[in-house]
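K.L.:
pasting the sequence and the predicted model now:
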Amino acid sequence: MSAKKADPNFQSSGRSSGGLDALGIQQKLRWSRVLLKLSGEAFAGSQGFGICPETIGAIAEDVRSLKDLGVQLAIVVGGGNIIRGQQASEGGVDRVTGDTMGMLATVINSLALQDALERLGVDTRVQTAINMDKVAEPFIRRRAIRHLEKGRVVILAAGSGNPYFTTDTAAVLRAVEIHAQALLKATNVDGIYDSDPRKNPEAVKYDRISYADAISQNLKVMDMTAFTMCQENNLPIVVFNITRRGNIREVVLRDDFGTYVGGIDS
């Protein structure tokens, strides 16, 4: 496990190295197939709720830059910018109904991202865990893998199709099913810290940490069901900051990027 003090200026600048170095030599990719987990809140931008077209457009451009490297990419999007099932249930809505509403919110976000990607010329498919064949394909594992092999971005919507499971858990499940080599978890900070770096300037950032240490320190990488699935399937997680342009590309090029969580010696 390695750690360092929080950089108070981590949002101020970013490096966009691209796929080629100064000599035009292709940089080595860390993985050839990944699953990117995006929070619904990332789609809201500064407005805090709903869908911000400019923000989704920027995310789509970053996704295209990752595709330009030849990476096979699946994406799972949350729905928290529209509704969260647990919050709805706390307001009196039946929990199963609330979770279903949340799954439908992820479909709305997925269609918005698909539209933004296709306007950039990125061939994209949306697959849903809840059948709605007039809107998107049903999730069929072999078909999803075939889309990836053909160079299409696959957006996996409606979570796992079951109530009581988060989109983090759905992301891990889908990553394991499609044989992704890593789960890239996009957040609004540049990695995992021992406390909130936005509140504590002395917060320590972990560059690499084992599953066991993340669990023992209760670092809230994702919900425990999702995290346990990662550990059981030896699926590495990289937590990184999506608010800085170019980071979706950087995370597959740089070993020193974000926080790596995996089966490593601590």
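P.N.:
It's in. Residues are numbered from 1 along each chain as shown.

K.L.:
S32 and L183, how far apart?
P.N.:
Separation of S32 from L183 (Cβ to Cβ, to the nearest Å) stands at 14 Å. To be clear about C-beta, it is placed using only N, CA and C from the backbone, and glycine gets the same treatment.

K.L.:
ok, the two, which is more surrounded?
P.N.:
L183 (26 against 14; other Cβ atoms under 10 Å).

K.L.:
just to confirm, which helix or strand has that one in it?
P.N.:
Using DSSP states H and E, L183 sits in strand 182-187.

K.L.:
state the mean pLDDT of that strand.
P.N.:
The predicted model assigns strand 182-187 a mean pLDDT of 96.

K.L.:
just stretch 196-216 next, same as before
P.N.:
89.

K.L.:
and it, how far apart are its ends?
P.N.:
Length of stretch 196-216, first residue to last, Cα to Cα, to the nearest Å: 17 Å.

K.L.:
ok so, going back, any buried residues in the strand holding L183, and which?
P.N.:
Residues of strand 182-187 classed as buried under the neighbour-count rule (16 or more other Cβ atoms under 10 Å) are 182-187.

K.L.:
and the helix or strand following it, average pLDDT?
P.N.:
Remark: after strand 182-187, the chain's next helix or strand is strand 192-193, criterion DSSP H and E. Here strand 192-193 scores 92 as its mean pLDDT.

K.L.:
which other residues reach strand 192-193?
P.N.:
If you take Cβ atoms under 8 Å, 6 or more residues apart in numbering as the criterion, strand 192-193 is touched by 6, 203-206, 209, 214, 219, 221, 239, 259, 261.

K.L.:
quick check, central residue of the chain?
P.N.:
With distances taken as Cα atoms, centre = their mean, K37 lies nearest the centre of the chain, 1.6 Å away.

K.L.:
which residues in the stretch 101-250 of the chain form helices?
P.N.:
In chain order, the stretch 101-250 of the chain shows helices spanning 141-149, 167-177, 211-216, 224-232, 247-250, with DSSP state H, counting those that start in this stretch as the criterion.

K.L.:
A116: which of these is closest?
P.N.:
The closest of those to A116 is helix 247-250. By Cβ to Cβ, the value is 13.5 Å.

K.L.:
continuing past the closest one, what's the next helix or strand?
P.N.:
Downstream of helix 247-250, the first helix or strand assigned by DSSP H and E is strand 259-262.

K.L.:
just checking, what packs against that following strand?
P.N.:
On a contact count with 3 or more Cβ pairs under 8 Å, 6 or more residues apart in numbering; DSSP states H and E, strand 259-262 meets strand 204-210, helix 211-216, strand 237-241.

K.L.:
nearest to V71, out of the ones you listed?
P.N.:
For the helices and strands packed on strand 259-262, the distance to V71 is smallest for strand 237-241, at 13.2 Å, taking Cβ to Cβ.

K.L.:
I'm done for today, thanks for sticking with me.
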